[in-house]
Every structure is written in C-alpha cells, then in structure tokens.
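Undergrad: Sharing a model that was predicted from the sequence below.
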Amino acid sequence: MEEYWSKFINIGAVAISIKQSDYFSNSRSASSLRSGRANVLCDKQAIYGKTLNSIWQQCISSLEGEISEQQLNTWILPLQVEQELNTLKLLAPNRIVMDWVRQHFLTRINELVSSLDDSKSISVSLTIGSQRRTPITTPTTNASPIRVISATGVNETQRFDNFIEGTSNQLARAASIQISSQPGSEYNPLYIYGGVGLGKTHLMHAIGNQILENNPDANVLYVNCERFVSDMVKALQHSKMNEFKNYYRNLDALLIDDIQFLADKSRSQEEFFHTFNSLYEARAQMVITCDRFPKEIEGLEDRICSRLGWGLAVDIKPPDLETRVAILKSKADQINAAVPDDVAFFIAERFKSNIRELEGALKRVVAHARFSGAPITQNFARKALKELLAVQDKPITIESIQKLVAEYFKIRVADLLSSRRNRSITRPRQIAMALTKLLTRHSLPEIGNAFGGRDHTTVLYACRKIAALREEDRRVDEDFEILTRMLS
C-alpha cells in the first residue's frame with residue numbers, strides 16, 4: 001500500500017508530490033529531498049502575494065476603526081499571514097486565538113476581503129501555525145526564482161533570541177551558540193541532557209535555525225529518535241536500506257532528540273552507530289538530547305555511550321526563580337498579554353519543576369482573563385489556577401515520592417519495591433528512601449516496609465550512602481536537589 005509522505009509543494013501550475021515508495025529512490029533524489037529546495041518560477045504568485053498583502057493591511061486598518069485597541073492587539077495582530085495564490089491564509093498562534101477569531105471576527109474579515117477584492121476570487125482560511133521559513137516576497141523585475149524550502153524538521157519559532165538564559169542553562173546555551181557558528185569543528189557531538197520541559201529541544205531547534213541562517217544551503221535535519229527508528233523499519237520493509245543510509249549519512253547537521261528511545265533496540269543501535277561514525281568522519285555536526293547522562297541509559301550499547309561522550313555533555317537543570325519570572329514575562333510578551341510583575345512572581349513561585357508546566361499555568365491565567373474580560377491580578381491568578389494549585393498542595397507521601405522518582409529515572413515503581421540490585425535500580429531506590437526520610441515523618445521501619453518490606457538498617461544505609469555520594473558525585477547531588485525541589 002502506497003502512503004504519501006507529508007511533503008507537498010504546490011505553486012501555480014507546478015505541483016510536486018513525493019511518495020513514500022519513491023522517497024529513497026536514489027541517492028541523488030534523496031540528497032535533493034534532504035536539502036529540501038526546489039527552484040520554481042513564481043511570477044503569478046508574486047502578483048497575488050502583493051495583492052493579498054495589501055488587502056490584509058487594509059483589513060487591519062478597517063478593523064482598527066471597528067474594535068477596541070485591546071481586541072485588535074489580543075486577537076488580530078497576533079495573526080500571521082501566508083499567501084497561497086488566491087487564498088489569504090491566516091495563521092493563529094494557538095487554538096484559543098483561532099477559536100475566538102473564528103467565532104467573533106472571521107465573518108467580518110471575509111466581508112472586508114470580499115469588498116476589497118475586485119476579482120471576487122480570493123478566499124480566506126484560518127488555521128493554527130506559523131510562517132514558513134522562506135516567506136513569499138514580491139520580487140523585482142529581474143528577480144531570480146524563489147527557493148521553496150521543504151521541512152527540515154526545524155521549528156523556526158524556537159531561536160536563541162527567545163531562549164531565556166539563566167544559571168541553570170547557561171553552559172548549554174553557550175555551547176549551542178558556539179557550535180552553531182562553527183558546526184563540526186568543536187564539541188561534536190554536543191550532548192544536552194536534563195529533565196522534561198527544561199528547554200533541550202528549544203536549544204536544538206535554535207541551533208538548526210542558526211546553522212541555516214549562516215548557510216541556507218546546509219543539509220540540516222531535526223528528528224526525534226523515534227522517527228529515526230521508524231524510518232529504518234520502513235526502509236527495511238521496502239528493501240531501501242541503502243537509500244536510508246545515504247539519506248542520514250550525507251547531512252551537514254543531524255539534530256536527534258530523545259536518544260534514550262534507542263535503548264534495547266539492537267538493530268536500530270547498529271544503524272545509529274554507523275550513521276554516527278559516518279557523520280563524525282565527515283565533520284558533520286551532531287546534537288543529541290536525552291533525559292539522562294549517556295552511561296545512565298540502560299540498554300544502550302557501550303560503544304554508543306562512548307561515542308556520545310566524544311564531544312561535550314552539558315546538562316540543563318530546572319530554572320531558578322528569577323529565570324522562571326523572566327520566562328513568564330517573555331512568554332507573556334509573545335502572546336500579547338500584560339502580566340504584572342507580582343503575578344509573574346506568584347506563578348513562578350508555585351510552578352518550579354519545568355518550563356512547560358510554567359507556561360501552561362500562564363496560558364491558563366491569560367485565557368481566563370481574555371474570556372472573562374477581567375484584569376490579571378494575584379487573586380485572579382489564584383482563582384484561575386485553583387485546581388492546579390490544589391494538586392500541588394497535596395501532602396508529600398511515600399507513594400508520591402516513589403512515583404516521582406520512578407518517573408524521573410524512567411523506571412517503574414515496581415522496580416523500586418523489587419529485589420533487583422543492579423545500579424540503575426538501587427541508586428534511584430536509595431535516593432527515594434533518603435527523600436522519604438527527609439520530607440516525611442515516617443520512621444525507618446515504616447519506610448523500609450513501604451519499599452518492599454526492607455529492614456530499617458537498609459534504609460539507614462541508603463540515607464548515609466546518598467549523603468556521602470552527594471559530597472563526591474555532582475550528578476547525584478543535582479538529582480537529589482532537583483527531586484527535592486519538585487516535591488516541595
């Protein structure tokens with residue numbers, strides 16, 4: 001059964017569709033797809049682009065006289081515009097804006113476009129998204145053909161200039177900027193590790209964007225490790241392994257997210273091993289992210305762990321209070337929301353574990369304010385976040401500690417309670433016991449009983465062991481501090 005890859009270019013009379021069965025057809029076409037560039041003449045589109053841009057600007061001018069400044073700033077100006085021949089494509093930054101514009105303004109926008117369009121052929125569409133990397137511009141008379149860039153997987157909205165720097169991510173950001181300016185020459189691979197939602201993927205996309213900005217012809221590819229494995233499986237099924245190898249081994253930069261997905265997948269690890277070697281020898285830059293240090297990935301071959309350490313490994317920790325406030329203020333500016341400093345501090349003090357959680361709280365407050373029309377104050381924020389804060393205010397229990405530690409180390413709670421003694425289980429178990437002793441009032445026998453019926457002396461040994469390791473091993477100390485902060 002033939003499936004279509006989601007790569008489709010349609011400009012004027014030129015349409016190129018790429019089928020999965022043809023995706024790895026030969027190395028030359030694969031190279032063309034990797035670079036993602038097709039030179040096409042677009043005089044017709046340029047004419048439409050000029051017309052549509054002019055019409056949209058006139059629409060905004062008309063709406064300025066019909067709605068309040070706050071409504072214009074909140075709902076209309078955040079819309080981006082893409083021009084696709086006779087379609088005015090409005091791109092909303094999120095579903096809230098899209099739904100509100102559709103319900104309250106889209107009919108009026110259609111009316112304005114119709115009144116401004118002499119040909120009566122322009123339609124309006126509204127969806128969630130952001131502008132393509134190369135927006136359509138109006139060329140001069142002797143303009144060269146526009147290059148239409150297909151997906152590299154790089155998110156153009158995540159850049160260095162909107163990545164908030166703090167003590168928790170300073171080294172990772174500095175290293176990322178360094179390799180972006182001189183890819184493949186130093187720190188190869190760059191290995192960024194840390195918990196969920198701390199900005200690893202943002203940095204990876206920022207690197208990709210900067211490399212492409214410095215060299216638009218660079219073959220850059222961002223993939224999640226799961227996609228790498230999926231591509232390999234499809235190539236095996238269709239007897240296209242040579243094409244798969246050519247595709248992944250002829251890049252200028254490979255950005256691969258969540259490398260821990262390779263664990264216990266021997267065939268995928270074999271292909272990644274050879275892909276790594278090929279790119280490294282070609283001085284192609286590799287950036288790899290993970291939720292833990294390479295040697296802590298259980299089920300990953302030693303030869304791969306070794307290579308992941310050839311460059312530079314940097315970690316990202318949960319942001320401190322000042323950084324969290326700066327992140328909130330920056331995010332508020334991006335969504336055109338006026339959030340007072342005291343409200344930003346109120347939110348930042350209560351959501352500490354990761355940036356996604358922090359931004360989620362902000363979006364919830366802003367959405368409530370926009371739908372209700374109420375000003376954003378501390379009391380308003382407290383009410384809007386009532387359910388989330390109620391969850392945070394729950395008392396710390398042995399069960400909650402076990403669950404968090406298991407999630408943090410990517411193991412099961414059952415592993416903590418089991419008799420397994422390999423290091424990948426015993427260390428998290430000891431940390432969980434030490435945290436329970438520190439953060440609850442349970443006795444040593446009670447803690448031991450909750451961890452699979454262990455003796456109180458085992459708990460005492462675990463507490464002393466972790467205390468000693470925190471003095472000697474920076475990673476253990478960081479893990480303990482992060483978990484303590486997340487629990488408290």
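TA: That came through, no problem.
Undergrad: which residue is nearest the middle of the chain?
TA: Among the residues of the chain, residue 201 comes closest to the average C-alpha position under CA atoms, centre = their mean, at 4.2 Å.
Undergrad: Excluding covalently adjacent residues, which one is nearest to that residue?
TA: Counting by CB to CB, 6 or more residues apart in numbering, residue 257 is the residue found nearest to residue 201 once chain neighbours are left out, at 5.8 Å. No exception for glycine: its C-beta is placed from N, CA and C like everyone else's.
Undergrad: Tell me what that neighbour is bridged to.
TA: For residue 257, the beta-bridge partners under DSSP bridges are residue 224.
Undergrad: Distance check, it against residue 154.
TA: 12 Å (CB to CB, to the nearest Å).
Undergrad: Find residues that contact each of these two.
TA: Residues touching both residue 257 and residue 154 by CB atoms under 8 Å, 6 or more residues apart in numbering: residue 222.
Undergrad: And for residue 326, the neighbour number?
TA: Applying other CB atoms under 10 Å, we find 17 residues neighbouring residue 326.
Undergrad: which residues touch it?
TA: Counting by CB under 8 Å, 6+ apart, residue 326 makes contact with 164, 166.
Undergrad: and what of residue 64?
TA: Shown in contact with residue 64 (CB under 8 Å, 6+ apart): residue 72.
Undergrad: quick one: it and residue 77, what's the gap?
TA: Taking CB to CB, one finds residue 64 at 10 Å from residue 77.
Undergrad: residues bridging contact with these two, i.e. touching both?
TA: Counting by CB under 8 Å, 6+ apart, nothing touches both residue 64 and residue 77.
Undergrad: what about the strands in the protein?
TA: With DSSP state E as the criterion, the chain has strands at 4-11, 14-19, 37-40, 80-84, 87-92, 123-128, 146-149, 190-194, 220-224, 253-257, 285-290, 312-316.
Undergrad: Now the weakest link among those strands, please, by mean pLDDT.
TA: The weakest mean pLDDT among the strands of the chain belongs to strand 146-149, with a mean of 26.
Undergrad: shaky segments in the stretch 51-200 of the chain?
TA: For the stretch 51-200 of the chain, residues meeting the criterion pLDDT under 70 lie at 51, 69-70, 83-85, 96, 130-151.
Undergrad: likewise the stretch 351-488 of the chain?
TA: For the stretch 351-488 of the chain, applying pLDDT under 70 flags the ranges 390-394, 488.
Undergrad: What ranges does it have for its helices?
TA: Assigned by DSSP state H, counting those that start in this stretch, the helices in the stretch 351-488 of the chain fall at 355-372, 378-384, 386-392, 398-408, 413-417, 423-439, 444-450, 456-472, 474-487.
Undergrad: And the ones you listed: which comes nearest residue 103?
TA: Checking these against residue 103 by CB to CB gives helix 355-372 as the closest, at 11.2 Å.
Undergrad: Would you indicate which residues of that closest one are buried?
TA: 355, 357-359, 361-370 (16 or more other CB atoms under 10 Å).
Undergrad: same check, this time on stretch 59-69
TA: Those would be 59, 62, 63, 67, for stretch 59-69 by 16+ other CB under 10 Å.
Undergrad: again with stretch 449-469
TA: Across stretch 449-469, burial judged by 16+ other CB under 10 Å covers 449, 450, 451, 454, 458, 459, 462, 463, 465, 466, 469.
Undergrad: Nearest to residue 233 among those residues?
TA: Distance to residue 233, by CB to CB, is smallest for residue 451 among those, at 39.0 Å.
Undergrad: Might one say that that closest one is in contact with residue 430?
TA: No: at 9.8 Å, residue 451 does not count as touching residue 430 under the criterion of CB atoms under 8 Å.
Undergrad: that older thread, can you tell me which of the helices of the stretch 351-488 of the chain comes nearest to residue 293?
TA: helix 474-487 (6.4 Å).
Undergrad: ok and that closest one relative to strand 190-194, angle-wise?
TA: 40 degrees (axes from the mean of the first three to the mean of the last three CA atoms, to 10 degrees).
Undergrad: ok now helix 474-487, how far from the chain's centre?
TA: Helix 474-487 sits 23 Å away from the centroid of its parent chain (CA atoms, centre = their mean, to the nearest Å).
Undergrad: Give me the angle between it and helix 398-408.
TA: Following the same axes, to 10 degrees, one obtains 130 degrees for the angle between helix 474-487 and helix 398-408.
Undergrad: now for helix 474-487, which elements pack on it?
TA: helix 398-408, helix 423-439, helix 456-472 (3 or more CB pairs under 8 Å, 6 or more residues apart in numbering; DSSP states H and E).
Undergrad: Correct me if wrong: residue 165 contacts residue 173.
TA: Yes: in this structure, residue 165 is within contact of residue 173 by CB under 8 Å, at 5.3 Å.
Undergrad: Have a look at these two and say which one is more surrounded.
TA: Per other CB under 10 Å, whichever of residue 165 and residue 173 has more neighbours is residue 173, with 21 against 15.
Undergrad: Let me know the distance separating the more buried one from residue 445.
TA: From residue 173 to residue 445 the distance is 47 Å (CB to CB).
Undergrad: Thanks again, I'm all set now.
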